[in-house]
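Visitor: let's see this in three dimensions:
(chains A and B)
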Amino acid sequence: AQKVTQAQTEISVVEKEDVTLDCVYETRDTTYYLFWYKQPPSGELVFLIRRNSFDEQNEISGRYSWNFQKSTSSFNFTITASQVVDSAVYFCALLYTGANSKLTFGKGITLSVRP
Amino acid sequence: GAGVSQTPSNKVTEKGKYVELRCDPISGHTALYWYRQSLGQGPEFLIYFQGTGAADDSGLPNDRFFAVRPEGSVSTLKIQRTERGDSAVYLCASSLGPINEQFFGPGTRLTVL
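Guide: Model prediction:
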């Protein structure tokens, strides 16, 4: 079975703090893709990153960084120096090539960044 | 360029009525997906089109739900005999292909009274 677990449900930080959002996945496939999406209060899901299962290099994009570890089936997301505009629900998702490309989402983490 | 668009943004209907939800994907995207998102949950897959054909409709909850994409672009999700449990946000996404990132529309919030 394919499954994504986001154990944290709500996180609240003060602006400029660093925050890490955890994601653990389950799949029997050797080829799969992992994603993070942001859903701000406006409601529209915004694509952040796509990572394939063969690329374990960490990625950094501005204040955002991702740590992919196959050994622990985790794909964690860190926001450095958080800002109020980062307040949103963040979803981790798994796409496995044997399933005709449907995304399996976690339940999401609500991040609140206070001024 | 234009993103994925969905109409209407909000739909209120009565139990037992028929509704149609429309999705306009990003131009050139051959893959189109429908998801449903309930409050406090992640989106759940409904159906995936590759071109005009439904490649995977395993997420449709029952035969009251049906979707079409006759010309390989715009798609319509159709729900017959709506029930209160159908109330949710219906999301459409499109992508260049089955392993590419999916871009989502703003969703249609369906409320069944």
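
Visitor: distance between the ends of stretch B:23-31?
Guide: End-to-end distance of stretch B:23-31 (Cα to Cα, to the nearest Å): 12 Å.

Visitor: can you pull the buried residues of it?
Guide: For stretch B:23-31, the neighbour count (16 or more other Cβ atoms under 10 Å in any protein chain shown) marks B:Cys23, B:Asp24, B:Pro25, B:Ile26, B:His29, B:Thr30, B:Ala31 as buried. C-beta: built from backbone N, CA, C; applies to glycine.

Visitor: low-confidence bits of chain B, can you list those?
Guide: Along chain B, the parts satisfying pLDDT under 70 run over B:1.

Visitor: try it again with 50
Guide: For chain B, no stretch has pLDDT under 50.

Visitor: same check on chain A?
Guide: Scanning chain A residue by residue, none of them satisfies pLDDT under 50.

Visitor: what about 70?
Guide: Looking at chain A by pLDDT under 70, you get A:98-100.

Visitor: excluding its backbone neighbours, what's nearest residue 51?
Guide: The chain I'm using is chain A. Distances taken as Cβ to Cβ, 6 or more residues apart in numbering or on different chains place A:Leu34 nearest to A:Arg51, at 4.8 Å, with adjacent residues excluded.

Visitor: not quite, go with chain B.
Guide: That would be B:Gly72: by Cβ to Cβ, 6+ apart, it lies 4.7 Å from B:Gly51.

Visitor: contacts only, for the one you found.
Guide: B:Thr30, B:Phe49, B:Gly51, B:Thr52 (Cβ atoms under 8 Å, 6 or more residues apart in numbering or on different chains).

Visitor: the closest residue to the last one other than its chain neighbours and B:Gly3, how far apart?
Guide: Here the nearest residue to B:Thr52 in space, its sequence neighbours aside, is B:Gly72; by Cβ to Cβ, 6+ apart that works out to 4.6 Å. Here the criterion is Cβ to Cβ, to the nearest Å. By it, B:Gly72 lies 18 Å from B:Gly3.

Visitor: in chain B, what residue lies closest to chain A?
Guide: B:Gly42 (3.1 Å; Cβ to the nearest Cβ).

Visitor: who are the contact partners of that residue?
Guide: A:Val4, A:Phe91, A:Ala93, A:Phe105, A:Gly106, A:Lys107, A:Gly108.

Visitor: that concludes my questions; thank you for your assistance.
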